[in-house]
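In: Have a look at this prediction, sequence included:
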Amino acid sequence: DKLALLADNGLIKQEDIATMRGRIRTTVSVPDAVANASFVIESIPEQLELKRQLYEQLDALCDESVVLASNTSGLSPTAIAERMKRPERMVVTHFWNPAHLLPLVEVVRGEKTDDKTADRAMQLLRAMDKKPILVKKDVLGSVGNRLQYAL
């Protein structure tokens, strides 16, 4: 289990594990999952049409102040947000794996992502002790994947 592994390596305290587990809630209902959300990060399969459908649904379900982020490693945020009424609140937050150990997160703006959305993503990630980098141009594969392929 990842929490035990983190505790074994001194990254979290053993006594905090029960509290952390108590904060985890599961559901198979998208409306229930986002009912009181202020920031949503999805990590569904890398299928553009599937993501478009989900973001269209999230756009309708969530208050307009909610940031909608994808953990995609290779799909365009502009393409994912294509059917959203408010595409300015969609951004990619690509966590490097293993995400519980690596601090780097690429924040990729789509063509319509506004500054407020990108800023909120950067702030949240910093609050999570991550090291976000802002990718200002929507490029397939983001920075990390492009570097890996080049090397």
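Out: That came through, no problem.

In: contacting residues around the helix or strand where residue 121 lies?
Out: Element membership of residue 121 [criterion: DSSP states H and E] is helix 115-127. With contacts defined as CB atoms under 8 Å, 6 or more residues apart in numbering, helix 115-127 is touched by 39, 67, 69, 88-91, 93, 105, 107, 109, 131-132, 134. Any C-beta I mention is one placed from the backbone N, CA and C, and that applies to glycine too.

In: at 7 Å what do you get?
Out: 39, 67, 69, 88, 89, 91, 93, 105, 107, 109, 132, 134 (CB atoms under 7 Å, 6 or more residues apart in numbering).

In: What is the helix or strand where residue 54 lies packed up against?
Out: In the assignment (DSSP H and E), residue 54 maps to helix 48-61. Helix 48-61 is packed against helix 30-33, strand 67-70, helix 77-80, with contacts defined by 3 or more CB pairs under 7 Å, 6 or more residues apart in numbering; DSSP states H and E.

In: which among the contacts of helix 115-127 gets closest to residue 10?
Out: Residue 10 lies nearest to residue 105 out of the contacts of helix 115-127, by CB to CB, at 22.4 Å.

In: ok so that closest one is a strand residue?
Out: Yes - under DSSP: H, G, I helix; E, B strand; the rest coil, residue 105 sits within a strand.

In: Just to check, it is in contact with residue 130?
Out: Yes - with contact defined as CB atoms under 7 Å, residue 105 and residue 130 form a contacting pair (4.8 Å).

In: Just want to know which of those two has more residues nearby.
Out: residue 105 (25 against 18; other CB atoms under 10 Å).
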